[in-house]
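# coords please:
(chains A, B, C and D)
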Protein chains: 2
Amino acid sequence: MARWAPGSKGRLEEAALELFSERGFEETTVADIAARAGLTKRTFFRYFADKREVLFAGSQILEDTMIKGVLDAPAEASPLDAVAAGLDASAAVFERIPDRAGRRQALVDAHPELQERERAKLARLSGAVAAALRERGVAEPAAGLAADAGMSILRVAFERWASDPQGQDLRELLRDSLAELRSVTASRAARAPRRR
Amino acid sequence: MARWAPGSKGRLEEAALELFSERGFEETTVADIAARAGLTKRTFFRYFADKREVLFAGSQILEDTMIKGVLDAPAEASPLDAVAAGLDASAAVFERIPDRAGRRQALVDAHPELQERERAKLARLSGAVAAALRERGVAEPAAGLAADAGMSILRVAFERWASDPQGQDLRELLRDSLAELRSVTASRAARAPRRR
DNA sequence: CCGTCGATGTCACTTGGTGCCATCAGCGTA
DNA sequence: TACGCTGATGGCACCAAGTGACATCGACGG
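Here you go, the predicted model:
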């Protein structure tokens, strides 16, 4: 038998999600989380750079999946189409753990400091997507702008998906959001706003 | 004579910018900043919610200026054109203090934790712009997407402007970036990427 | 002259986060 | 068998961010 129960990192993540949901983020100390996981504060900070990070451990998987989707898109796809392919691939990451994703999102939505970190992760993802696009031969600033557009689409679609679990498929929502972005940025002002 | 020298907030901002530039962000304590401003740590936290916030005091002015520009755009302007009008108006905010804006940006670029806060401010700005667009009669999600697009444009243009002070006018750079975004999101893949 | 107000200081305290060293099971090796 | 190494963890002291409660004191109006 090992001296220590395995899966410390996972236990910390689970304990944190539970405690944050029960008491709120600020009302939970790192020592609390560690205690529930049968560990100490010191060990917590060996796995996570800071208290918020425990909620974002999965973001690397999302990034890897999305990048693979972008790179695997057909060679003739436009930059934004490649981004769309990445988004489609990453939908699976969320759909595999819908309840956990929902609880986590509710937490993030309720705490500005967590939104800050979430945006940082999205920005990192955007940078990675832009790099993947450049690898496909897309020049700057097109790559960066297309990647940012992808983040907007993801945000809008995910919001809708999380707010209505019985509703549409995440993949459909992603496609709809892309179409809406295209309509908004079309040069010809197809639908001028009505006067107020 | 007043008991206390006036302008405490401004002195704190200046002291912070100096010290951060001299020693770096983490190497400067709040007590250091307060001491240079002739105040105490406690007073610092009466003016700023946290240590980072001292670098973002000007963001409210930017928001107000941009919103005014959006609302004052011609009624027949498309959502994205209204955003462009707001960006054009806000260029003046930066151009009035180019050196200070540059030093501040160099700091932010060097510290991920400051980038996190900057993104939060941009997100707040995006939300305000989206609200202004809705006031103009633009529906969601077009308003949110157009506002996000505006943030992308601002980021790209400002980066170029800050990296080359002798180069183009910020307003020109904003216009160029907008044109590039439009080109990227155009439905017809006008410029398919070359194969690698 | 007095009472209120507003800006600041003082102090104690909690908590996030880190550096350094100790502990101890497993494992290979002489 | 004994030895020593390694890797995950604990213990502890410590620093800095941030907060609450209360004190201070000049300005200002009555």
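
# Can you give me the neighbour number for A:Gly137?
If you count neighbours by other Cβ atoms under 10 Å in any protein chain shown, A:Gly137 ends up with 14. C-beta coordinates here come from the backbone N, C-alpha and C atoms, glycine included.

# now do A:Met66
For A:Met66, the neighbour count with other Cβ under 10 Å is 26.

# Do you know the pLDDT at the nearest residue to A:Ala157 once chain neighbours are set aside?
In this structure, A:Ala157 finds its nearest non-sequential neighbour in A:Leu173, 4.0 Å apart by Cβ to Cβ, 6 or more residues apart in numbering or on different chains. pLDDT for A:Leu173: 95.

# same check, this time on A:Glu180
The model's pLDDT for A:Glu180 equals 91.

# what about it, neighbour count?
Applying other Cβ under 10 Å, we find 19 residues neighbouring A:Glu180.

# if we can go back for a sec, neighbours of the residue nearest to A:Ala157, how many?
By the criterion of other Cβ under 10 Å, A:Leu173 has 21 neighbours.

# near DNA strand D, which residues of chain A?
Residues of chain A lying close to DNA strand D (Cβ under 7 Å from any atom of the strand) are A:Arg3, A:Trp4, A:Ser8, A:Ala34, A:Gly38, A:Leu39, A:Thr40, A:Arg42, A:Thr43, A:Arg46, A:Tyr47.

# what about A:Arg136, distance to B:Thr185?
Separation of A:Arg136 from B:Thr185 (Cβ to Cβ, to the nearest Å) stands at 17 Å.

# And the helices in chain A, which stretches?
Ranges of helices in chain A, per DSSP state H, are A:8-23, A:30-36, A:41-47, A:59-71, A:79-95, A:98-110, A:112-135, A:142-163, A:170-185.

# Any idea how far the first one is from the middle of the chain?
In terms of Cα atoms, centre = their mean, to the nearest Å, the centre of helix A:8-23 is found 19 Å from the chain centre.

# That one vs DNA strand C: in contact?
No - against DNA strand C, helix A:8-23 shows no contacts by Cβ under 7 Å from any atom of the strand, the least distance being 10.5 Å.

# for that helix, which positions count as buried?
By neighbour count with 16 or more other Cβ atoms under 10 Å in any protein chain shown, helix A:8-23 contains the buried residues A:Ser8, A:Lys9, A:Arg11, A:Leu12, A:Glu13, A:Glu14, A:Ala15, A:Ala16, A:Leu17, A:Leu19, A:Phe20.

# Outside of it itself, list whatever touches it.
A:5, A:28, A:32-34, A:36-39, A:43-44, A:47-48, A:54-55, A:57, A:100, A:103-104, A:106-107 (Cβ atoms under 8 Å, 6 or more residues apart in numbering or on different chains).

# quick one on the thing from earlier: which PyMOL command selects the buried ones in the residues of chain A next to DNA strand D?
To isolate the buried members of those in PyMOL, using 16+ other Cβ under 10 Å:
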select buried, chain A and resi 8+34+39+43+47
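
# which one of the residues of chain A next to DNA strand D is nearest DNA strand C?
Set against DNA strand C, the nearest of those by Cβ to the nearest atom of the strand is A:Arg3 (3.4 Å).

# and the contacts of helix A:8-23 near DNA strand C, which?
Restricting the contacts of helix A:8-23 to those near DNA strand C by Cβ under 7 Å from any atom of the strand leaves A:Thr28.

# just the buried members of the contacts of helix A:8-23?
Using 16+ other Cβ under 10 Å as the burial test, these include A:28, A:32-34, A:36-37, A:39, A:43-44, A:47-48, A:54-55, A:104, A:107 as buried.
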